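Participant: Could you work out the structure for the sequence below:
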Amino acid sequence: MEMMGLPISISMLAGHVATSAILSLLVCLTAPYIGRALGLIDDPKAKAHSLHERKTPLVGGIAVLLPWGILTGTDAILVEFLSQPSDASHRNGWLAVFILAIGLVGALDDRFHLTARLRLAVMGPMFMLFVFLNPAFGIDTLSSPAFGISVALGFFALPFTALCLLAFTNAVNMTDGRNGLVIGLSLIWCLTLSFYVPADFRVMLYAVMASLLVTGFYNVRGRLFLGDNGTYGLAALVGLTGLYAHGLSPEAGGTSSTQLAAIFAIPGLDMFRLIMERASRGASPMAGDHDHLHHRLERHIGWRLGLPVYLALAGTPILIACSAPDMGTPGLISAIALYSAAWAVTRRHRQRSDLSGRSQPR
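Facilitator: Below you'll find the model as predicted:
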């Protein structure tokens with residue numbers, strides 16, 4: 001097995017994972033100092049829809065993405081000087097730079113509270129430029145093996161890819177409302193996609209997973225939050241990795257369009273429901289509220305059970321869709337059915353709670 005032209009050994013893989021975990025631990029241990037130095041502190045008094053009570057550093061994204069960016073960028077540089085440069089080394093080097101740039105946009109949002117329009121105006125062209133320079137990440141064709149469908153997008157491939165990435169980034173950002181959720185989902189996504197990508201990508205995902213586990217330990221205890229720097233960066237990394245797997249041929253083990261949709265379905269469905277409901281009552285689609293699926297689950301069964309239930313809702317369609325190449329459509333259908341059931345159950349609970357005066361948004 002080779003990584004960007006360099007052979008991968010067990011010790012090399014273990015070194016990447018261990019280094020990533022150690023660097024993440026150092027960031028987590030110094031999170032309050034880093035947060036204050038960079039102005040990345042979440043103040044609950046500044047947000048009407050916050051559910052926590054104390055100031056918390058927004059450096060979880062730094063703890064996850066910075067070690068990955070350093071390792072990935074270093075590997076790409078080493079290949080340039082110690083081995084024959086390859087398409088993989090160029091691809092991964094630019095990917096590291098791009099993900100850190102998206103994380104920087106998130107950090108600026110954390111610090112200065114950018115408007116939704118400004119975020120879209122910045123990230124949309126960034127996604128389009130990256131995919132234009134790296135066509136392997138683009139969506140050229142929509143496919144469903146179960147129905148034998150394959151539709152070439154042609155001229156619309158680039159804007160459609162950017163739109164999908166923006167939608168996924170927004171869905172992940174809207175999911176980041178309770179500790180452990182985005183990190184748990186990212187672990188599931190990275191593990192799933194590791195079965196579909198080449199060795200060099202697999203090592204990167206393992207390193208990210210190590211950082212996610214370390215950072216998650218502190219996140220679930222409320223010691224730090226991912227922040228927009230984390231949600232934007234992770235969404236871009238996971239989304240682009242998924243698109244790369246989608247672009248691989250079936251012979252190379254790539255995913256179909258329906259498989260990829262099933263992998264990301266639950267947060268996406270929740271985002272579309274929220275946007276439609278907000279629009280129906282004349283509210284901004286980007287307005288904050290406490291009607292997300294994770295809020296509903298917390299009111300219904302508490303977050304200690306709500307977190308594993310949400311992860312199970314997201315993971316079940318993935319297991320179905322990825323069980324065989326032609327199972328993407330059944331996986332996507334199961335995601336819609338599971339989400340609809342969760343919405344119906346928690347909706348009834350919310351109505352009873354509203355009437356009784358309990359479980360109101362804090």
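
Participant: Now for residue 119, how many residues are close by?
Facilitator: 21 (other Cβ atoms under 10 Å). Every C-beta, even on glycine, is put in place using the N, C-alpha and C of the backbone.

Participant: Could you verify that it is part of a helix?
Facilitator: Yes: Residue 119 forms part of a helix when assessed by DSSP: H, G, I helix; E, B strand; the rest coil.

Participant: Nearest residue to it in space, please, no chain neighbours.
Facilitator: residue 109 (6.3 Å; Cβ to Cβ, 6 or more residues apart in numbering).

Participant: The one you found: which element?
Facilitator: Applying DSSP states H and E as the criterion places residue 109 in helix 87-112.

Participant: what sits against the most centrally placed residue in the chain?
Facilitator: Taking Cα atoms, centre = their mean, the centroid of the chain lies closest to residue 235, which sits 3.1 Å from it. By Cβ atoms under 8 Å, 6 or more residues apart in numbering, residue 235 lies in contact with 165, 168, 169, 171, 172, 173.

Participant: Of those residues, which is the most crowded?
Facilitator: Counting by other Cβ under 10 Å, top hit in the contacts of residue 235: residue 172 with 28 neighbours.

Participant: Please tell me how far it sits from residue 33.
Facilitator: Applying Cβ to Cβ, to the nearest Å, the value for residue 172 to residue 33 is 27 Å.

Participant: ditto for residue 256
Facilitator: For residue 256, the distance to residue 33 equals 46 Å [Cβ to Cβ].

Participant: So which of these two has more stuff around it?
Facilitator: Set residue 256 next to residue 33 and count neighbours by other Cβ under 10 Å: residue 256 wins out with 24 against 11.

Participant: So the more buried one is in contact with residue 144, correct?
Facilitator: Yes: with contacts counted by Cβ atoms under 8 Å, residue 256 reaches residue 144, the gap being 6.3 Å.

Participant: Mutual contacts of those two, please.
Facilitator: Contacts common to residue 256 and residue 144, judged by Cβ under 8 Å, 6+ apart, are residue 328.

Participant: tell me which element the residue nearest to the centre of the chain falls in.
Facilitator: Using DSSP H and E, residue 235 falls in helix 227-247.

Participant: Can you pull the domain assignment for the chain?
Facilitator: Following automatic domain parsing, one finds the domains of the chain at 2-255, 256-362.

Participant: ranking these by mean pLDDT, which is last?
Facilitator: Here the domains of the chain differ in mean pLDDT, and the lowest is domain 256-362 at a mean of 86.

Participant: Distance from that one to the middle of the chain?
Facilitator: 16 Å (Cα atoms, centre = their mean, to the nearest Å).

Participant: Give the helix, strand or coil label for residue 142.
Facilitator: Going by three-state DSSP: residue 142 is strand.

Participant: For it, name its beta-bridge partners.
Facilitator: On DSSP bridges, the residues paired with residue 142 through beta bridges are residue 151.

Participant: pretty sure it is touching residue 154, no?
Facilitator: No: between residue 142 and residue 154 no contact is recorded; they are 11.5 Å apart, counting by Cβ under 8 Å.

Participant: the more surrounded of the two?
Facilitator: The residue with more neighbours, out of residue 142 and residue 154, is residue 142; 18 against 8, by other Cβ under 10 Å.

Participant: Who are the contact partners of the more buried one?
Facilitator: So residue 142 contacts 149, 150, 151, 153, 257 (Cβ under 8 Å, 6+ apart).

Participant: swap in residue 132?
Facilitator: So residue 132 contacts residue 158 (Cβ under 8 Å, 6+ apart).

Participant: measure it to residue 159 for me?
Facilitator: 11 Å.

Participant: next one: residue 189
Facilitator: Taken as Cβ to Cβ, the span from residue 189 to residue 159 is 24 Å.

Participant: which of the two has more neighbours?
Facilitator: Higher neighbour count among residue 189 and residue 159: residue 189, with 27 against 14, using other Cβ under 10 Å.

Participant: wouldn't that one be in contact with residue 264 here?
Facilitator: Yes: shown here, residue 189 and residue 264 form a contact pair, counting by Cβ under 8 Å, at 7.5 Å.
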